[in-house]
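Peer 1: no FASTA, just this:
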């Protein structure tokens, strides 16, 4: 039996395993960055932590989406909307962790990093994208929004890497991870538009996603140990 046939025949089990593994990696990143934030009180780290908190929730919702998809179409649709909302919020937080200095003044300090006047705008946009996806039964809105977010993030993080990559080694992992994340979202969109959700294309998306999260985990572990 070929590897491809094995994956196709055990697709459901592998998807659950995939979601649980990435959720676990995300929660590990959240715990490590939260400890680092408590020591440094760096606002960028706090928003970066929130991104992986929402990524963890998104893949958790994806796990539930798989469980309920065969039992209740209504629950599957609702969980799909929740899944989109969490994913879009994660992308927004990752982007905001790069630009917060240009948006917040040094005197501004919000007690909550999950819900404040600046972040509230992201919540509203993420909710609109999730609702539109639910109404039209499509992921196109999420895919396009994430491609734009990751493209802008890549420009910023690559610029930061050119300026101070030698001083901040984490930027190397950050740049590669964001580039892979952008590639994964583009492949997702192409799979929906042209490849009719080809299993081979989606396998490549899954591999890119795993590398994306492992790169961030490796970078975070390296920085926090230092």
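Peer 2: Cool, got the structure. Note that this is a predicted model, so its numbers are computed, not measured.
Peer 1: Show me where the chain dips below the pLDDT cut-off.
Peer 2: Counting by pLDDT under 70, the chain contains low-confidence ranges at 1-12, 64-77, 165-166, 226.
Peer 1: at 80 instead, please
Peer 2: Applying pLDDT under 80 to the chain flags the ranges 1-16, 62-80, 106, 108-109, 165-169, 225-226.
Peer 1: residue boundaries of the helices in it?
Peer 2: Taking DSSP state H, the helices of the chain run over residues 3-9, 11-40, 43-68, 73-103, 117-136, 140-164, 170-193, 199-225.
Peer 1: Of those, which stretch is the most buried?
Peer 2: Per residue and on average, the most neighbours among these fall to helix 43-68, with a mean of 21 (mean count of other CB atoms under 10 Å). Quick note: C-beta positions are derived from backbone N, CA and C, even for glycine.
Peer 1: just how off-centre is it within its chain?
Peer 2: Centroid separation for helix 43-68 versus its chain: 7 Å, with CA atoms, centre = their mean, to the nearest Å.
Peer 1: I'd assumed residue 186 was in contact with residue 205.
Peer 2: No - under the criterion of CB atoms under 8 Å, residue 205 is not in contact with residue 186, lying 9.5 Å apart.
Peer 1: Dump the helices of the chain into CSV; add distance to residue 111 as well.
Peer 2: Output for these, formatted as CSV (distance: least, CB to CB, whole Å):
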stretch, distance to residue 111
helix 3-9, 46
helix 11-40, 14
helix 43-68, 11
helix 73-103, 15
helix 117-136, 12
helix 140-164, 26
helix 170-193, 27
helix 199-225, 24
